[in-house]
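Trainee: Have a look at this fold, sequence not included:
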């Protein structure tokens with residue numbers, strides 16, 4: 001009996017000990033939390049009621065070379081929908097108020113079904129003030145609907161620059177997977193042109209505000225009086241090489257046509273104007289672009305999204321005679337006194353090739369002036385395919401120029417191996433006569449022709465063509481200059497002088513572009529007409545001005561219209577007059 005009492009007493013003692021130890025531990029822990037660690041848990045409690053607000057930075061602007069505003073930011077209302085809170089019974093009401101088609105909201109949800117229902121989705125940008133007023137009045141009937149003021153792109157200058165400037169799009173899931181640290185769903189990112197190329201410079205840095213909210217998420221004050229807030233950093237403003245007035249005139253010159261213009265400052269490689277026609281309205285991309293407008297652009301056979309200035313490769317026609325004359329003179333296979341006789345055509349390897357006239361005896365300067373095909377038919381056989389390709393590569397043909405835009409084409413300069421693969425070892429050498437006048441398989445794009453002309457104009461020296469002159473730092477407001485890659489082509493100056501004299505006579509002698517002569521400004525150039533198997537020929541013109549001190553070099557192509565002298569050279573005249581007369585007037589004022 002005593003043993004049983006002893007066992008029962010022992011169990012009670014152990015139980016009491018456990019209870020006392022447990023309460024003691026709880027009291028000690030409570031003392032730690034309430035007294036010793038009060039500050040820590042106060043802070044943790046506050047953090048549980050802190051709302052992190054993202055501050056979107058102001059995107060950098062685009063300025064032209066004279067600091068004239070090209071692309072800016074404009075405030076606009078954007079409507080957001082949170083699917084978890086939204087009542088679909090209000091679809092018709094909301095669609096009617098916003099002028100949307102029946103079913104628009106359901107299609108929107110279907111399109112964005114991969115995203116969490118608790119995520120705020122951007123529903124409509126660029127909403128009118130009247131619509132926002134209506135939403136405010138009916139907010140209690142529209143759960144899940146909110147709006148914000150966001151910035152979108154504006155285009156205050158009278159230039160389009162669609163393929164050059166590019167546009168923004170809401171970030172895709174694929175891009176989000178790649179750039180998780182910098183972006184979140186719903187952010188906008190450069191998707192084309194300079195907006196895409198210089199996204200890192202333009203976007204700025206996000207800021208964050210930390211706000212205290214109550215249990216109903218109502219704002220009650222700033223966390224730590226805003227000490228932890230991080231201000232947003234404005235994006236850098238891009239200063240472009242473009243001259244906005246020249247760009248405007250170039251765009252007007254190609255209005256209603258298909259083609260491209262590239263104008264470059266020879267001494268610097270600065271792109272003064274870049275036009276691809278047709279273009280499109282960038283303001284339509286400032287908001288959410290409508291499906292109808294996108295379909296219209298995608299279905300347009302003239303391909304407005306296609307940047308012809310850097311992507312459209314075509315035969316250069318007679319403009320290529322300039323390059324061929326340089327190669328022959330530099331190699332020493334001819335000199336300025338060498339002549340060939342033109343009787344209106346000639347036979348080469350069993351095929352007869354025509355000329356545009358009967359020119360008689362011609363030297364290289366005269367052959368350039370009158371664009372004599374026969375002279376250049378003979379010349380390519382003296383140069384040979386190997387050296388012909390080497391000199392073409394030397395001037396940047398069949399290579400990307402490296403201009404600061406995506407999707408630049410290389411073009412094609414065929415060589416002997418190309419024709420062996422195509423026709424076999426006994427390939428027809430008569431093909432070379434077509435290559436001599438910029439026809440056949442040879443293909444270049446306008447940016448390559450403009451670069452080539454700049455190098456010739458500036459005696460073998462220039463810089464890589466570029467659109468960025470520099471940027472104004474968003475934090476320091478200091479200008480940071482862009483350093484382009486220099487270009488030097490080792491060609492004897494006397495060779496270039498001979499060729500340039502021929503180009504001078506094309507416009508100022510009895511050549512093919514005399515109708516485009518400019519009073520008080522000496523322009524040099526070369527016309528070209530590229531055969532087009534699918535329609536009318538393409539018109540080309542390359543040139544530079546003033547002759548003694550080149551400040552602008554250019555290439556112009558107008559598709560499916562006919563002769564270069566008739567359709568491209570007059571555009572050059574207008575561009576040169578616009579750019580140089582204005583520079584002359586500025587110098588007079590100074």
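Mentor: That came through, no problem. Owing to the predicted nature of the structure, the values given are computational and were not obtained by experimental measurement.
Trainee: What is the subsequent helix or strand relative to the strand or helix carrying residue 92?
Mentor: Per DSSP states H and E: residue 92 is located in helix 91-98. Downstream of helix 91-98, the next assigned helix or strand under DSSP H and E is helix 104-111.
Trainee: Sheet-wise, list the partners of the helix or strand just after that following helix with their directions.
Mentor: With elements assigned by DSSP H and E, the helix or strand that comes after helix 104-111 is strand 120-127. For strand 120-127, the paired strands and their directions (DSSP bridges) read strand 69-82 (antiparallel).
Trainee: For the partner strand, buried residues please.
Mentor: With burial defined by 16 or more other CB atoms under 10 Å, the residues of strand 69-82 counted as buried are 70-73, 76-82. (Glycine included, C-beta is placed from N, CA and C.)
Trainee: Next one: the residue nearest to the spatial centre of the chain from residue 280, what distance?
Mentor: Nearest to the centroid of the C-alpha atoms of the chain, with distances taken as CA atoms, centre = their mean, sits residue 193, at 1.7 Å. Separation of residue 193 from residue 280 (CB to CB, to the nearest Å) stands at 12 Å.
Trainee: What of residue 143?
Mentor: Residue 143 is 38 Å from residue 280, by CB to CB.
Trainee: Name the residue in these two with the higher neighbour count.
Mentor: residue 280 (18 against 12; other CB atoms under 10 Å).
Trainee: who's in contact with that one?
Mentor: 162, 297, 304-305 (CB atoms under 8 Å, 6 or more residues apart in numbering).
Trainee: export those to CSV and tack on secondary structure?
Mentor: Putting the contacts of residue 280 into CSV (DSSP: H, G, I helix; E, B strand; the rest coil) gives the following:
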residue, secondary structure
162, helix
297, helix
304, coil
305, coil
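Trainee: Out of those, which two sit at the greatest distance?
Mentor: Farthest apart among the contacts of residue 280 by CB to CB are 162 and 297. That separation is 10.1 Å.
Trainee: Pick out whichever of the two has more residues nearby.
Mentor: residue 162 (25 against 16).
Trainee: isn't that one right up against residue 283?
Mentor: No - using CB atoms under 8 Å, residue 162 is not in contact with residue 283; the gap is 10.0 Å.
Trainee: hmm, back to that, does the helix holding residue 92 pack against any helices or strands, and if so which?
Mentor: helix 104-111, helix 129-137 (3 or more CB pairs under 8 Å, 6 or more residues apart in numbering; DSSP states H and E).
Trainee: Can you add distance to residue 268 and give the ones you listed back as TSV?
Mentor: Below are the helices and strands packed on helix 91-98 laid out as TSV (distance: least, CB to CB, whole Å):
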stretch	distance to residue 268
helix 104-111	46
helix 129-137	46
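Trainee: could those be laid out in TSV, adding distance to residue 59, mean neighbour count and mean pLDDT?
Mentor: Below are the helices and strands packed on helix 91-98 laid out as TSV (distance: least, CB to CB, whole Å; neighbours: other CB atoms under 10 Å; pLDDT from 0 to 100):
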stretch	distance to residue 59	mean neighbour count	mean pLDDT
helix 104-111	25	14	88
helix 129-137	23	13	88
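Trainee: Any idea which of those gets closest to residue 437?
Mentor: helix 104-111 (53.0 Å).
Trainee: Between strand 120-127 and the closest one, find me the angle.
Mentor: 140 degrees (axes from the mean of the first three to the mean of the last three CA atoms, to 10 degrees).
Trainee: ranges for the helices of the stretch 251-400 of the chain?
Mentor: Using DSSP state H, counting those that start in this stretch, the helices of the stretch 251-400 of the chain run over residues 291-299, 308-311, 320-331, 364-370, 373-383, 385-394.
Trainee: Figure out which of those is closest to residue 407.
Mentor: helix 308-311 (5.8 Å).
Trainee: buried ones in stretch 295-303?
Mentor: 297, 303.
Trainee: Straight-line length of that stretch, end to end?
Mentor: One end of stretch 295-303 sits 11 Å from the other (CA to CA, to the nearest Å).
Trainee: Equivalent analysis for stretch 141-158, please.
Mentor: Counting by CA to CA, the terminal residues of stretch 141-158 are separated by 44 Å.
Trainee: Stretch 60-70 too?
Mentor: OK, stretch 60-70 end separation, CA to CA: 11 Å.
Trainee: go on, stretch 426-434?
Mentor: 17 Å.
Trainee: Surely residue 350 is in contact with residue 430?
Mentor: Yes - the pair residue 350 / residue 430 is scored as a contact, 6.2 Å apart, by CB under 8 Å.
Trainee: how close does the residue nearest to the centre of the chain get to residue 429?
Mentor: 44 Å.
Trainee: So residue 350 and residue 430 - more neighbours on which side?
Mentor: When neighbours are counted by other CB under 10 Å, residue 350 and residue 430 differ, and residue 430 comes out ahead with 15 against 8.
Trainee: picking that back up, who touches both of residue 193 and residue 280?
Mentor: Counting by CB under 8 Å, 6+ apart, the shared contacts of residue 193 and residue 280 are residue 162.
Trainee: about what we covered before: shared neighbours, residue 162 and residue 297?
Mentor: Joint contacts of residue 162 and residue 297 (CB under 8 Å, 6+ apart) are 280, 304.
Trainee: before we move on, back to that, any idea which of the buried residues of strand 69-82 is closest to residue 436?
Mentor: Set against residue 436, the nearest of the buried residues of strand 69-82 by CB to CB is residue 70 (42.0 Å).
Trainee: Give me the number of neighbouring residues for the closest residue in space to residue 414 that isn't next to it in sequence.
Mentor: Leaving aside its sequence neighbours, residue 414 sits nearest to residue 441 (CB to CB, 6 or more residues apart in numbering; 4.7 Å). For residue 441, the count of nearby residues is 14 (other CB under 10 Å).
Trainee: Quick check: pLDDT value at residue 441.
Mentor: Per-residue pLDDT puts residue 441 at 95.
Trainee: Then residue 5?
Mentor: 56.
Trainee: Enumerate every residue touching residue 177.
Mentor: No contacts exist for residue 177 under CB under 8 Å, 6+ apart.
Trainee: for residue 461, that is, sorry about that
Mentor: Residues near residue 461 by CB under 8 Å, 6+ apart: 455, 486-489.
Trainee: just those residues now: which is nearest residue 272?
Mentor: When the contacts of residue 461 are compared against residue 272 (criterion: CB to CB), the nearest one is residue 455, at 16.0 Å.
Trainee: That closest one against residue 489, yeah?
Mentor: Yes - here residue 455 lies in contact with residue 489, judged by CB under 8 Å, at a distance of 5.5 Å.
Trainee: rewinding a little: lowest-confidence entry in the contacts of residue 280?
Mentor: Comparing the contacts of residue 280 by pLDDT, residue 297 comes last, at 90.
Trainee: these two touch, right, it and residue 304?
Mentor: Yes - shown here, residue 297 and residue 304 form a contact pair, counting by CB under 8 Å, at 5.3 Å.
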